[in-house]
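[1] what follows is a predicted structure for the sequence shown.
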Amino acid sequence: DILIYSKTNLAPDSDIKCRLDPYLPQSTQQFRSEYLPNHFFSSYTEKEYDIDLIKEKKCTLFSGIGNPKGFEHTVKSLGGLISSHLDFKDHQDYGEQTQKKLTEFIAAHPADYIICTEKDWVKLEKYRHQLPEFYPLNMKLSVEPEFSSWMKKWIADVTGVDEPIEQKSGYGSTNIVKKG
């Protein structure tokens, strides 16, 4: 059995770990993962910008996610000065009314940068030129290094391949291929 605690840098995992431990088989492998800022990009051009873009800059945020405080924490950790945050409900539909509310909010809260999550960008991409320019934050998942070693060993045990293996990923699948 394996358990990966996700986004441990955005919320303390010690409480959940303590609550789960009594129910897990003793052999359960447990790993931590972090959700880390990767880069910003322009909603108009999709040009990528370093995460230092917002350092000491006034930022207006908007998001429709389950943990908006985690998003705020990430922006603050990058040195962004949050002046306002329009927090929509999780899985917000960005229809005409919501776009109007967003445009009015942005106009009423001027900032150096308007920042949103990539999850929100996906829903707004088709309307990007109808809105003021904003900068979605691209994130990456990082699992502790021991996970990779454990996974390689587990795959070798399951497949019977003792040699190092290489993974070739395609859309929706991963193929394990013997090296050589």
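    All right, it came through fine.

[2] in the chain, what residue spans correspond to helices?
    Shown for the chain, the helices assigned by DSSP state H span residues 14-20, 68-77, 96-108, 118-124, 146-159.

[3] would you turn the ones you listed into CSV with mean pLDDT, mean neighbour count and distance to Glu46?
    Every C-beta, even on glycine, is put in place using the N, C-alpha and C of the backbone. Listed next are the helices of the chain as CSV, based on pLDDT from 0 to 100; neighbours: other CB atoms under 10 Å; distance: least, CB to CB, whole Å:
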stretch, mean pLDDT, mean neighbour count, distance to Glu46
helix 14-20, 76, 11, 36
helix 68-77, 93, 17, 20
helix 96-108, 94, 13, 19
helix 118-124, 93, 17, 10
helix 146-159, 86, 12, 31
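
[4] Ile2: which of those helices is closest?
    The closest of these to Ile2 is helix 146-159. By CB to CB, the value is 7.7 Å.

[5] low-scoring stretches of this protein, by residue?
    Scanning the chain for pLDDT under 70 picks out 11-14, 162-180.

[6] next, the buried residues of the longest strand belonging to it.
    The longest strand of the chain (DSSP state E) is strand 29-41. Across strand 29-41, burial judged by 16 or more other CB atoms under 10 Å covers 30-35, 37-38, 40-41.
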